[in-house]
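A.B. asks: Quick one, structure for this:
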Amino acid sequence: MKTLFPALALALAGAAWTSSPAAANPAAGGAAAAPAACPAILRHTFPRLQDEKPQPLCQYAGRVVLVVNTASYCGFTPQYEGLEKLYARYRDRGLVVLGFPSNDFAQEKASNKEIADFCENTFGVKFPMFGKSAVRGSDANPLFRELAGKTGKTPSWNFNKYLIARDGRVLAHYGSMTRPDDPALLKVLEQELAAR
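C.D. replies: Predicted coordinates:
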């Protein structure tokens, strides 16, 4: 009988997690998803850029996800505008853009607050952004390690893009030169958004 209680406690803890506000954040374009329904690629939690509150990526399960490593002082930084337009255009159809600021190429601001202010004030970024982290090498955050493992591509510079299907398959990697409105990217994105 004693072994039943730990199992029950774990089940209740899991239920509490899925019904928590962090697990369902419609304002960020997310929807609640039970851990069992969450693809392995999204089973990570990162601090939100604005307030560093932990955000489980499982809240985006069932959506098409575009993961981008970003920076504030890069020649590609104007892509923020295109990423925000892409998010605004397709989010009602199931797209979410996830931004991961990184100083791996020595082009990012010092603090998360500075990055958040820059993104909002300069480009009006509303898509979800996460705290500054490494995206390549031995210090890479676990999502980017997994993306690199599945595609064989690590970010060679800022604004690399990884497109993830609704079911968690990694569909494609795009380098920094691929703009958010690139026809090849849009073709794959629209095909995946149309698929159910």
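
A.B. asks: need the helices for the protein, in chain order.
C.D. replies: Under the criterion DSSP state H, the chain contains helices at 4-18, 79-90, 112-123, 142-151, 183-194.

A.B. asks: Reformat these as a markdown table; add mean pLDDT.
C.D. replies: As requested, the helices of the chain are arranged in a markdown table below (pLDDT from 0 to 100):
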| stretch | mean pLDDT |
| --- | --- |
| helix 4-18 | 35 |
| helix 79-90 | 98 |
| helix 112-123 | 96 |
| helix 142-151 | 97 |
| helix 183-194 | 96 |
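
A.B. asks: can I get those helices in CSV with mean neighbour count?
C.D. replies: (Glycine included, C-beta is placed from N, CA and C.) As requested, these are arranged in CSV below (neighbours: other CB atoms under 10 Å):
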stretch, mean neighbour count
helix 4-18, 11
helix 79-90, 18
helix 112-123, 17
helix 142-151, 18
helix 183-194, 14
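
A.B. asks: got TSV for the ones you listed, with distance to residue 62 too?
C.D. replies: Formatted as TSV, these follow (distance: least, CB to CB, whole Å):
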stretch	distance to residue 62
helix 4-18	13
helix 79-90	14
helix 112-123	26
helix 142-151	17
helix 183-194	12
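
A.B. asks: Identify whichever of those helices lies nearest to residue 135.
C.D. replies: Ranking these by their distance to residue 135 (criterion: CB to CB) puts helix 142-151 first, at 4.3 Å.

A.B. asks: ok, and what's touching that closest one?
C.D. replies: By CB atoms under 8 Å, 6 or more residues apart in numbering, the residues outside helix 142-151 that reach it are 41, 44, 46, 57, 67, 69, 100, 134-136, 140, 153-155, 162, 170, 172-173.

A.B. asks: could you redo the last one with a cut-off of 6 Å?
C.D. replies: For helix 142-151, the external contacting residues (CB atoms under 6 Å, 6 or more residues apart in numbering) are 41, 44, 135, 154, 162, 170, 173.

A.B. asks: All good on my end, thank you.
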